[in-house]
Structure formats: C-alpha cells, structure tokens
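Novice: Sequence first, predicted coordinates after that:
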Amino acid sequence: MVNIPKGTKDVLPSEVYLWHRLEETARKTAEQFAFQEIRTPVFEYTELFARGVGDTSDIVNKEMYTFLDKGGRSVTLRPEGTAGVARAFIGNGLAGGAMPFKAYYLISAFRYERPQAGRLREFHQFGAELYGASGAYADAEIISLADSFLKNLGLKEVKLQINSIGCKTCRKEYHKALKEFFAPHLNEMCEDCKSRFDKNPMRILDCKEEGCKKITANAPRILDYLCEDCRAHFGEVRGLLDAAHIAYEVNPSIVRGLDYYSRTVFEFVSAAAGAQGTVLGGGRYDGLLETMGEKAVPAVGFAAGMERLLMVMAAENAPVPQDKGVACYLAGLDGASRTQAFLLAAELRKEGISCEVDLMERSLKAQFKYADKIGARYVAVVGESELKDRAAEVKDMKNSASERVKFAELAAYLKEKEN
Ligand code: ATP
Ligand code: MG
C-alpha cells in the first residue's frame, strides 16, 4: 500500500460535516459583508510569491513547494492566498472596476513545514481581501468580518490582538533602533535571525527560537516609533473597534510573517489550539499591489487556518449540526418490488427528496438495520401486497408508527412530514 504523504490528511465522510460547517459559515459571513468569492489556480509562477510574499519571509525561504514543469518553468503550489488574488486583480483589469474590491476565498495551501498538531503541509484557509480603501473603516470592516466569522462558528475563547507596524517612513527609524539594540546580541542569535538582521530586522521579533525570544523581549517597540499619520490611523481603527464592541488587546510583538504588511496587523489567538495558537491572521498591506507592477492600491485582508479552527471548535465544544441524513430508505422484498423501489427513488429524487434504495439485495431485516445505521428518517417498504395496492408501507423511524401511502402520493407525503 502507498501511504498518505507526510503532513497531509484525508477528510472522511464521517467527519466532513465539520468542514461543511466551517465552509458554510465562512461563505454566509462573507456574503453578509458583501464579499464575493474568488478562485485562483493552485499553482502560480514561483516569481509571484518571491515578489508578493517577500524574499525575507520563512515561506519563500524555506517552505515553498517549488518545481520545474515539463516546459522548464518554475512553478510553486500556493503557500497562501493573497498573492494569487492580487495577481488576478491586476491581470483581469479589476482595478478599473468598482471600488472597493471585496473578495473571499476558500483554498488549500501548501508549505513544506515540520508537521505537528495544527501545522500541516497541505492545509486550508478561509481568507478575505479588501482593496481600494486606505482609511481605518476598511481595517475595522475586515477585522469585524473575521470576528463575526469566529462568533458565527460559536467560538467564545478566541482573543483578538492588534498592533501597528507603521509605514516605510516610521519603520526606517524603527529599523535603526532595532539594529542598535540587536547588534550586541547578534552572536547569541540563530542563523536565520543573523540574516534577518541585515535584510529585515523586524522579522527577528517573529522568531520562535527560545534564545532569540529572550533577547527580543526587551527590544524597542514599533508603537513608540509610529509617525503621526500611522499613529492617527491606529487610533481610528481602535476607536471603531471600541464602538463596535469588538474586544481586543494591543500586542506590540505582533509583526506577522509576511513582508508586505504595513500599519494594522492582527491575530485571533486561542489557547485551545495549543502551540499553534494563531487561528487567523491579517492586516494592511498597502505596498503589495505596487510591488506587482500595479499602481499603488491600498489593501487589507486576513486568512484563517481551518485545521486550527477545527481544533478550537473541538476544544470549546462548539455545537456543530450534523449533515442532514437520508430522508427515505426504500426497501424491496423481492425482484419485482426492488425494481419498483428503484423507480420510486427516481421519482422522489426528481422532487428533491434525498433517498436511498437497496443496492446489496439484502433481506428486509438487514435493510432495516442498514436504514437505521445511516439515520434514514423514513423507510418505505415495497412487497407483493404493496405492489398490488400501488402503495408503500412507510415507517417513521423515530416512533415506529407506520402508514400506507400511495406511490403517487409518496413525495408529497414525505415533503409534508418534513415541514
Ligand atoms: P505560524 O506563525 O503559525 O507559522 P503564519 O504566520 O505562517 O503562522 P499565515 O501565513 O499568516 O501564518 O497564515 C494564516 C493562518 O493559516 C495561520 O494563522 C494559521 O491558522 C494557518 N496556517 C499557516 N500555516 C499553516 C500550516 N502549515 N498548517 C496549518 N495551518 C497553517
Ligand atoms: Mg508559518
């Protein structure tokens, strides 16, 4: 037997209702906020991520599934959704359309990471992007969408943390201060941080190595270096969240793993997700579209990790409705009645009723056992006398009551019962 690739997971029919709950809640919430779905390819030219995610990020440096296709082009399985959406926005000329542009996505993403709970090589994201609006309302709208999604899932213990990482102007001063602070500690830091020191010192704050974490604990804070405009913007975002009663905590150590962020960054964190506590992360990235050759278009968005959300839903015991089972199981006793049951099923399905018919040619007793197992709401039995009557014996599996129902009236009967 060939094994499943490391860091990937099957979703079995018995657990898929959990994914339906996630996906339906995501779609419903996004649509309440008037975001429309966008679908982009699973793979893109490698250059897109190198440019769009940034070549000092862990994703681009270590985690990408990159290969040459048969035409010798370097392609990469998408490690995240934002770069593809930005490419689609530019490539399809959507910048000329109505603004703001608001899109959401439900995708699988691929990163070559060390697999552990909440960290896979193929994982799934629900994300949203809002382009064209630079003001604090857009940041607040995106955070509010993320917050509503988590609340609609029934989660109560997920906490919002926000920060501002400023713009190019204020970050220049901040980078200087960071370098001054880190320089004397450089030889105690990990190899990655040594190269971050030159390329992007702020990324050191995101390092997960214990040794580096200890040093960064006392590092200068970006909030003390914000320029007047960035400070005002952050104040407005906070004011809107307060007004909307969205609770948050300012966490000055959030910098986010991707290079393209500016100003607002945020994470929703849950203790229930264990070491991988961040279930949803996002922020503003006003510089992204410009790096892809578009004129500057302000942008803000987020992405939520579905596998981590499932862990939190389980830990919080969030209620998840099971998928609706089969409405009616059609049992046949012999060849002729089995055929009749088969035809009845076709009639019922035309009327939009979900039903199942015996495909195993089992005894009536075994058919009832099976119907019970799959949670069929009704079982309609067809035998010799039923064939003669052109009626089925319909048993309510909840209370075992049974009734004779004309074949021609079966669909209407089941529909009536459903209401
Ligand atoms: P982390 O710091 O945990 O590595 P990240 O900063 O790399 O996260 P993002 O790129 O912001 O994560 O992705 C958004 C969300 O996607 C994360 O908050 C997380 O919930 C989820 N996620 C990221 N990488 C993985 C992975 N390898 N497996 C499962 N979920 C993931
Ligand atoms: Mg990561």
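Specialist: Thanks, I have the structure now. Ligands and ions are numbered 1, 2, ... in the order given.
Novice: So which bits of the protein are right by ligand 1?
Specialist: 80, 111, 113, 118-120, 123, 125, 257, 276, 278-281, 303, 305, 307-308 (Cβ under 6 Å from any ligand atom). In short, each C-beta sits where N, CA and C put it, glycine included.
Novice: In strands only, show me those residues.
Specialist: When DSSP state E is applied, the residues of the chain next to ligand 1 are split such that Phe123, Gln125, Thr278, Val279, Leu280, Gly281, Ala303, Gly305 fall in strands.
Novice: need the contact list for Arg73.
Specialist: Applying Cβ atoms under 8 Å, 6 or more residues apart in numbering to Arg73 gives the contacts Tyr45.
Novice: how much space is there between it and Val85?
Specialist: According to Cβ to Cβ, to the nearest Å, Arg73 stands 21 Å off from Val85.
Novice: Show me how the record splits this structure into domains.
Specialist: As given by automatic domain parsing, the domain ranges for the chain are 16-167+227-316, 328-418.
Novice: Turn these into JSON lines, including mean pLDDT.
Specialist: Listed next are these as JSON lines, based on pLDDT from 0 to 100:
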{"stretch": "domain 16-167+227-316", "mean pLDDT": "94"}
{"stretch": "domain 328-418", "mean pLDDT": "96"}
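Novice: By proximity to ligand 1, which residue of the stretch 101-250 of the chain wins?
Specialist: Per Cβ to the nearest ligand atom, Phe123 is where the stretch 101-250 of the chain lies closest to ligand 1, at 3.4 Å.
Novice: What is the neighbour count of that residue?
Specialist: By the criterion of other Cβ atoms under 10 Å, Phe123 has 21 neighbours.
Novice: Skipping adjacent residues, who's closest to it in space?
Specialist: Excluding its sequence neighbours, the residue lying closest to Phe123 (Cβ to Cβ, 6 or more residues apart in numbering) is Glu307, at 5.3 Å.
Novice: so that neighbour touches Glu122, yeah?
Specialist: No. Contact between Glu307 and Glu122 fails when scored by Cβ atoms under 8 Å: they sit 9.6 Å apart.
Novice: Overlap of the contact sets of those two?
Specialist: Counting by Cβ under 8 Å, 6+ apart, the common neighbours of Glu307 and Glu122 are Lys9.
Novice: out of the two, which sits in the more crowded spot?
Specialist: Glu307 (19 against 15).
Novice: buried stuff in stretch 144-156?
Specialist: Ser144, Leu145, Ala146, Asp147, Ser148, Phe149, Leu150, Leu153, Leu155 (16 or more other Cβ atoms under 10 Å).
Novice: helix/strand/coil for the fourth one?
Specialist: In this case it means Asp147. helix (DSSP: H, G, I helix; E, B strand; the rest coil).
Novice: Contacts only, for it.
Specialist: Here Asp147 is in contact with Leu160, Ile246, Phe268 (criterion: Cβ under 8 Å, 6+ apart).
Novice: Helices along the stretch 1-150 of the chain, start to end?
Specialist: Using DSSP state H, counting those that start in this stretch, the helices of the stretch 1-150 of the chain run over residues 16-32, 46-52, 58, 82-91, 136-152.
Novice: What lies in contact with the second one?
Specialist: Okay, so that is helix 46-52. By Cβ under 8 Å, 6+ apart, helix 46-52 touches 59-60, 64, 66, 74-76, 78-80, 82-84, 86-87, 260, 288, 291-292.
Novice: In the protein, what residue lies closest to ligand 1?
Specialist: Ligand 1 sits closest to Gly305 of the chain, with a gap of 2.2 Å, by Cβ to the nearest ligand atom.
Novice: shouldn't that residue be in contact with Leu120?
Specialist: No. Using Cβ under 8 Å, Gly305 is not in contact with Leu120, being 9.1 Å away.
Novice: okay, those two: which has more neighbours?
Specialist: Ranked by neighbour count (other Cβ under 10 Å), Gly305 and Leu120 place Gly305 first, with 24 against 21.
Novice: May I have the residues that are in contact with the closest residue to Gly132 other than its chain neighbours?
Specialist: With sequence-adjacent residues excluded and distances taken as Cβ to Cβ, 6+ apart, Gly132 is closest to Met99, at 3.5 Å. By Cβ under 8 Å, 6+ apart, the contact list for Met99 reads Tyr131, Gly132, Ala133.
Novice: Show me which positions of the helix or strand harbouring Ala412 end up buried.
Specialist: Assessed by DSSP states H and E, Ala412 sits inside helix 410-418. Residues of helix 410-418 classed as buried: Leu410, Ala411, Tyr413, Leu414 (neighbour count, 16+ other Cβ under 10 Å).
Novice: Give the other helices and strands that it contacts.
Specialist: Helices and strands touching helix 410-418, by 3 or more Cβ pairs under 8 Å, 6 or more residues apart in numbering; DSSP states H and E, are helix 335-350, strand 378-382, strand 391-396.
Novice: now with 7 Å?
Specialist: On a contact count with 3 or more Cβ pairs under 7 Å, 6 or more residues apart in numbering; DSSP states H and E, helix 410-418 meets helix 335-350.
Novice: tell me which residues in the helix it packs on are buried?
Specialist: Neighbour-count burial for helix 335-350, counted by 16+ other Cβ under 10 Å, picks out Ser337, Arg338, Gln340, Ala341, Leu344, Ala345, Leu348.
Novice: Apart from its chain neighbours, what residue comes closest to the first one?
Specialist: Read it as Ser337. Nearest to Ser337 is Val382, by Cβ to Cβ, 6+ apart, at 4.1 Å.
Novice: hey, what's that neighbour bridged with?
Specialist: Note on Val382: beta-bridge partners by DSSP bridges are Gly332.
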